[in-house]
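Peer 1: how would this look folded up:
(one chain, ligands or ions: 1)
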Amino acid sequence: MTLEIGRISDAVQSAHRDNEHLAGGTNASYIPFLASVDPSLFGIAVVTVDGQVVEAGDTGFEFAIESISKVFTMGLAMEHVGADAFHAKVGADPTGLPFNSVMALELHNDLPMSPLVNAGAMSSTSLVPAVGAEDRWRKILAIQSAFAGREIVLSDEVNASEQSTNFHNRAIAWLLYGGGAMYSDPMEACDVYTRQCSTLITAKDLAVMGATLAAGGINPLTKERVVAAATVPHMLAEMTMEGLYTASGDWAYTVGLPGKSGVGGGLIAVAPGQLAIAAFSPPLDPAGNSVRGQAAVAQVANALGLGLYRTPGA
Ligand code: GLU
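Peer 2: You can find the predicted model right below:
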């Protein structure tokens, strides 16, 4: 099914208009920088697999990628160690617990269960083959840039804010080390993971990144192959399992598209073979997902009849 661009544009403009004043949620505050971002910012972008771009609202505002970075590092690490080995080392199941849960580790012998929670994400970061922190960091930044189709950069301000408050993640990194699931120095992995969360992207970038997944690993704007086609289904499956934190099941039930959110207020959803829908709005619900972002992405998906589990007539 090819969607007509006018129909996509109508859906995006309506979703922006209808949700612009949607109340509820609060900015993440455990990372001091995130609390300072204007909560009224709101943007929606769609990018199709043939490179068409539709935008509404604040789609040029740069915000912190945060947890959405986990998806791209996962792809990078998986391609280096192989999908089976990656699965065995990092896992693929939802924890059913918050993204930075220590209890999830306690319950599973200090092994991560999913690359999209902090524990598995730091394990994935440590699996990227590198000669040291800077080499590892360069590779991760390069894959974020390739997915976005432009040079992505670190925000020193976000990074400083996170590095000075990430004690919980450092504790998780040591637990993983004790469990045998850290493949570099644990504090190096935590440092690089913190940096990968501190890069700046726009809602449009996010839609391009998602469209690269929708297109089977080829960036629809630059035409560059970013990851192998065989890697993408694993990434999308994991997004379905754990992409929206403890609300991932609710998202699958109501929207039915692989998604990923971050505590910076970004959200992405991927319709394989068709397009990606991205949104940005900082106020989060208690699970950590953007309130307006979820409503807007769901509205666009619904208006376009997108959903992985839809059968004819549904
Ligand atoms: N840097 C954040 C953390 O590690 C990312 C969390 C998120 O977006 O879920 O806590």
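Peer 1: Between the two ends of stretch 32-39, how far is it?
Peer 2: The stretch stretch 32-39 measures 14 Å between its terminal residues, going by Cα to Cα, to the nearest Å.
Peer 1: Which of the three states applies to Ser67?
Peer 2: With DSSP: H, G, I helix; E, B strand; the rest coil as the basis, Ser67 sits in helix.
Peer 1: Quick check: it touching Gly259?
Peer 2: No: the pair Ser67 / Gly259 is not scored as a contact, 11.4 Å apart, by Cβ atoms under 8 Å. Using the backbone N, CA and C atoms, a C-beta is placed for each residue, glycine as well.
Peer 1: of these two, who's got more company?
Peer 2: The neighbour comparison of Ser67 against Gly259 (other Cβ atoms under 10 Å) goes to Gly259, with 30 against 25.
Peer 1: gap between the more buried one and Asp135?
Peer 2: 31 Å (Cβ to Cβ, to the nearest Å).
Peer 1: where along the stretch 1-150 of the chain do the strands fall?
Peer 2: 43-48, 53-57, 63-64 (DSSP state E, counting those that start in this stretch).
Peer 1: Can I get the first one as PDB, trimmed to CA atoms?
Peer 2: Read it as strand 43-48. Extracted in PDB, the C-alpha atoms of strand 43-48 (Å, rounded to 0.1, in the frame of the first residue of the first chain):
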ATOM      1  CA  GLY A  43       6.500  18.900  16.600                       C
ATOM      2  CA  ILE A  44       5.500  16.000  14.400                       C
ATOM      3  CA  ALA A  45       7.300  14.700  11.400                       C
ATOM      4  CA  VAL A  46       6.700  11.800   8.900                       C
ATOM      5  CA  VAL A  47       9.300  10.500   6.500                       C
ATOM      6  CA  THR A  48       8.400   7.900   3.900                       C
END
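Peer 1: Run the angle between it and strand 53-57 for me.
Peer 2: With axes from the mean of the first three to the mean of the last three Cα atoms, to 10 degrees applied, the angle from strand 43-48 to strand 53-57 works out at 170 degrees.
Peer 1: Residues contacting stretch 6-20, please?
Peer 2: 42-46, 48, 52, 54-57, 275, 292, 295-297, 299-300, 303-304 (Cβ atoms under 8 Å, 6 or more residues apart in numbering).
Peer 1: again, only this time at 6 Å
Peer 2: Outside of stretch 6-20, the residues within contact range by Cβ atoms under 6 Å, 6 or more residues apart in numbering are 42, 44, 46, 54, 56-57, 292, 295-296, 299-300, 303-304.
Peer 1: Same check on stretch 229-248?
Peer 2: By Cβ under 6 Å, 6+ apart, the surrounding residues in contact with stretch 229-248 are 71, 75, 78-79, 83, 94, 99, 114, 116, 213, 216-217, 251-252, 258-261, 287-289.
Peer 1: likewise stretch 133-143?
Peer 2: Outside stretch 133-143, the residues that touch it by Cβ under 6 Å, 6+ apart are Phe72, Thr73, Leu76, Val128, Ala130, Glu188, Val192, Arg195, Gln196.
Peer 1: now with 10 Å?
Peer 2: Identification of contacts with stretch 133-143 by Cβ atoms under 10 Å, 6 or more residues apart in numbering yields 69, 72-73, 75-77, 79-80, 124-130, 151-154, 184-185, 187-189, 191-193, 195-196, 199, 226-227.
Peer 1: May I see the ChimeraX selection of the buried members of the residues you listed?
Peer 2: Restricted to buried positions by 16 or more other Cβ atoms under 10 Å, the ChimeraX selection for the contacts of stretch 133-143 reads:
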select :69,72,73,75,76,77,79,124,125,126,127,128,130,152,184,188,189,191,192,193,195,196,199,226,227
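Peer 1: Now intersect the contacts of stretch 133-143 with the helices, please.
Peer 2: Here DSSP state H is the test, and the contacts of stretch 133-143 give 69, 72-73, 75-77, 79-80, 124-127, 187-189, 191-193, 195-196 as lying in helices.
Peer 1: show me which of the contacts of stretch 229-248 neighbour the ligand.
Peer 2: Residues of these in contact with the ligand (Cβ under 6 Å from any ligand atom): Phe99, Gly288.
Peer 1: Among the contacts of stretch 229-248, name the buried ones.
Peer 2: 71, 75, 78-79, 94, 99, 114, 116, 213, 216-217, 251-252, 258-261, 287-289.
Peer 1: who in the stretch 51-200 of the chain is up against the ligand?
Peer 2: Glu66, Ser67, Phe99, Asn100, Asn118, Glu162, Asn169, Cys197.
Peer 1: For those, work out which two are farthest apart.
Peer 2: Maximum pairwise distance in those, criterion Cβ to Cβ, is 14.2 Å, between Phe99 and Glu162.
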